[in-house]
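[1] need coordinates for the below:
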Amino acid sequence: MTSTAADRPRIPREIWVLIAAAFVIAIGFGLISPVLPSFAKSFGVGATASSVVVSAFAFFRLVFAPGGGRLIARLGERPVYLLGLVIVAASTGATAFAGSYWQLLLFRGLGGIGSVMFTVSAVALIVRLAPPAIRGRVSSAYGSAFLLGGIGGPVVGGALGGLGLRVPFLVYAVALLIAAAIVWALVPAASLRPAPDAPVRPTLTVREALESPAYRAGLVSSFANGWGNFGVRNAILPLFAAAVIGKQPWVSGTVLAVFAGGNAVGLTVAGRLTDLHGRRPFIVAGLGISGIATLFTGLASNLPLLMAFSVVAGLGAGTLNPAQQAAMADVVGNTRNGGPALAAFQMASDGGQIVGPVACGMLVDHASFGSAFAVTGVIGLLAVVPWTRVAETLAQPPLGPSVRADPLPDSGR
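    Numbering: from 1, shown residues only. As a prediction, this is how the structure comes out:
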């Protein structure tokens with residue numbers, strides 16, 4: 001029997017606070033996205049070196065992700081979340097005063113440590129607090145907050161870039177401190193503690209999670225998503241827009257904002273429908289749409305065409321993200337501590353963000369922008385393959401000591 005909207009549980013108050021904080025964080029991150037590659041190039045480096053700045057942030061996230069997962073298991077999600085925000089705020093503020101390319105690389109890279117702390121903590125909190133019946137809706141709401149901030153942030157960041165390439169970094173540092181204050185004030189530690197008589201939640205290890213074909217497919221799609229929609233889009237697209245369309249910061253900001261707008265539409269629709277129709281159809285569709293649009297992005301020769309490709313790619317990314325996150329929540333469940341498994345899932349995305357910008361930066365320097373976007377699109381399309389051989393996670397129980405998510409009967413195993 002299909003439940004009505006009135007029957008479905010409400011989103012918990014603590015998650016709404018995290019959503020509000022995500023909006024503030026996203027505005028700040030959007031401020032620096034259109035100016036970071038240009039800021040790096042202002043030190044006299046090429047496309048590869050400027051892309052390494054984006055990869056360095058992801059590299060530190062990748063290296064520290066296992067430690068972040070262990071910190072969550074030991075200290076809890078809230079203190080790790082707050083400390084992570086403060087670390088990124090300090091790193092971003094220092095970035096504004098970088099006097100050389102190497103200082104910029106170091107300061108921006110160190111921010112990745114705090115970033116993985118608050119990202120994995122937030123996802124772990126959402127997995128634990130979200131009622132199973134509305135996991136897709138919660139993922140959509142959380143992702144939409146990032147995207148709404150991501151729509152306005154690049155436009156404002158592009159405008160602030162006209163005042164100086166360092167200004168957006170200072171504003172972002174303040175935004176992160178505001179987000180930390182929101183969570184500190186409105187999510188008290190006592191509200192997250194289990195009842196005194198509640199059983200201790202066992203930890204879901206990465207080895208256990210890998211028993212799930214859906215988790216393994218999620219690692220592949222997370223890598224592809226990190227490569228294309230987080231890495232190459234933030235590192236290469238602003239350079240492409242400046243080289244082909246115009247060097248003004250507002251051009252890159254507008255293109256990134258259009259991507260975020262398409263992302264918001266896809267997220268809103270897929271976030272609600274994935275709770276009704278399953279995760280896999282939206283993951284496959286999102287990867288396919290985003291991959292095809294990215295593959296052809298390098299053919300854009302004017303701003304309207306580049307905006308069109310960007311909005312379609314954003315629509316695909318928005319369709320993918322809530323379904324993918326909900327699938328991982330299905331695997332972990334509410335009764336296990338999913339910190340290590342979720343950290344590894346985030347590491348896959350960070351791996352893509354490391355390799356993608358560097359590889360595509362080299363393609364730009366030695367071949368063309370078109371080849372960089374073509375390779376990125378193909379990687380997104382290849383990530384569809386493992387999801388076509390995985391059973392739907394919506395109807396399956398989460399992993400447990402003796403519970404395993406099996407592949408489809410015709411998967412060849």
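[2] so where's this protein shaky on pLDDT?
    For the chain, the stretches with pLDDT under 70 are 1-8, 34, 135-136, 147, 150-164, 190-203, 246-250, 334-339, 395-413.
[3] any idea which residue is closest to the centre of it?
    Closest residue to the average C-alpha location of the chain: residue 230 at 6.7 Å, with CA atoms, centre = their mean.
[4] sec struct for that one, please.
    helix (DSSP: H, G, I helix; E, B strand; the rest coil).
[5] that one reaches residue 349, doesn't it?
    Yes: contact criterion CB atoms under 8 Å: residue 230 and residue 349 qualify, at 6.6 Å. Just so you know, the C-beta spots here come from the backbone N, C-alpha and C atoms, and that holds for glycine as well.
[6] can you point out the buried residues in the helix or strand where residue 177 lies?
    Assigned by DSSP states H and E, residue 177 belongs to helix 167-186. Residues of helix 167-186 classed as buried by neighbour count (16 or more other CB atoms under 10 Å): 167-173, 175-177, 179-180, 182-184.
[7] looking at the residues you listed, which one is closest to residue 258?
    Among these, residue 168 lies closest to residue 258 (CB to CB), at 18.7 Å.
[8] now that closest one: closest residue in space that isn't a chain neighbour?
    Spatial nearest neighbour of residue 168, excluding adjacent residues (CB to CB, 6 or more residues apart in numbering): residue 31 at 4.0 Å.
[9] sorry, back to before: so what's the residue nearest to the residue nearest to the centre of the chain when sequence neighbours are not counted up against?
    Distances taken as CB to CB, 6+ apart place residue 353 nearest to residue 230, at 5.1 Å, with adjacent residues excluded. Applying CB atoms under 8 Å, 6 or more residues apart in numbering, we find residue 353 in contact with 54-55, 57-58, 61, 226-227, 230-231.
[10] quick check: phi and psi on residue 353?
    phi -70, psi -20 (degrees, to the nearest 10).
[11] how near is residue 363 to residue 113?
    According to CB to CB, to the nearest Å, residue 363 stands 29 Å off from residue 113.
[12] ok so, going back, okay, and the common contacts of residue 230 and residue 349?
    Counting by CB under 8 Å, 6+ apart, nothing touches both residue 230 and residue 349.
[13] tally of neighbours for residue 209?
    The tally of other residues near residue 209 (other CB atoms under 10 Å) stands at 25.
[14] in three-state terms, how would the residue lying closest to it once chain neighbours are set aside be classified?
    Leaving aside its chain neighbours, residue 209 sits nearest to residue 341 (3.9 Å; criterion: CB to CB, 6+ apart). Under the three-state scheme (three-state DSSP), residue 341 adopts helix.
[15] burial of residue 341, as a residue count?
    For residue 341, the neighbour count with other CB under 10 Å is 28.
[16] same deal with residue 20?
    Number of residues near residue 20 (other CB under 10 Å) recorded here: 15.
[17] can you tell me how far the residue nearest to it when sequence neighbours are not counted sits from residue 41?
    Excluding its sequence neighbours, the residue lying closest to residue 20 (CB to CB, 6+ apart) is residue 182, at 5.9 Å. Distance, residue 182 to residue 41, using CB to CB: 34 Å.
[18] please apply the same query to residue 93.
    Taking CB to CB, one finds residue 93 at 21 Å from residue 41.
[19] also residue 104?
    Per CB to CB, residue 104 is found 11 Å from residue 41.
[20] more neighbours: which of the two?
    The neighbour comparison of residue 104 against residue 41 (other CB under 10 Å) goes to residue 104, with 25 against 19.
[21] the more buried one: what's it in contact with?
    Shown in contact with residue 104 (CB under 8 Å, 6+ apart): 39-40, 43, 53, 95, 98.
[22] switch to 10 Å and redo it
    Residues near residue 104 by CB atoms under 10 Å, 6 or more residues apart in numbering: 36, 39-40, 42-43, 45, 50, 53, 56, 94-98, 169.
[23] ok so it is a helix residue?
    Yes: under three-state DSSP, residue 104 sits within a helix.
[24] chain neighbours aside, what residue packs nearest to residue 236?
    residue 360 (5.2 Å).
[25] pretty sure that neighbour sits against residue 227.
    Yes: the pair residue 360 / residue 227 is scored as a contact, 8.5 Å apart, by CB atoms under 10 Å.
[26] what strand or helix carries residue 45?
    When secondary structure is defined by DSSP H and E, residue 45 falls outside every helix and strand.
[27] tally of neighbours for it?
    Neighbours of residue 45 (other CB under 10 Å): 16.
[28] do you know how far residue 311 is from residue 282?
    18 Å.
[29] neighbour count: those two, which is higher?
    A count of neighbours by other CB under 10 Å puts residue 282 above the other of residue 311 and residue 282, at 26 against 20.
[30] for that one, what are its contacts?
    By CB under 10 Å, 6+ apart, the residues touching residue 282 are 136, 266, 269-271, 273-274, 318-324, 326-327.
[31] could you redo the last one with a cut-off of 7 Å?
    For residue 282, the contacting residues are 270, 273-274, 319-320, 323, by CB atoms under 7 Å, 6 or more residues apart in numbering.
[32] so residue 82 sits right up against residue 182, yeah?
    No: using CB atoms under 7 Å, residue 82 is not in contact with residue 182; the gap is 10.3 Å.
[33] tell me the contacts of the residue nearest to residue 209?
    By CB under 7 Å, 6+ apart, residue 341 lies in contact with 204-206, 209, 332.
[34] ok, residues contacting stretch 290-304?
    Residues external to stretch 290-304 that are found in contact with it (CB under 7 Å, 6+ apart): 228-229, 244-245, 251, 306, 309, 312-313, 316-317, 320, 369-370, 372-374, 376-378, 380-381.
[35] you'd agree residue 57 is up against residue 109?
    Yes: judged on CB under 7 Å, residue 57 makes contact with residue 109 at a distance of 6.0 Å.
[36] quick check: the gap between residue 220 and residue 383.
    For residue 220 relative to residue 383 (CB to CB), the value is 5 Å.
[37] if you skip the residues just before and after it, what's nearest to residue 170?
    Nearest-residue entry for residue 170: residue 96, 4.8 Å, with adjacent residues in sequence omitted and distances by CB to CB, 6+ apart.
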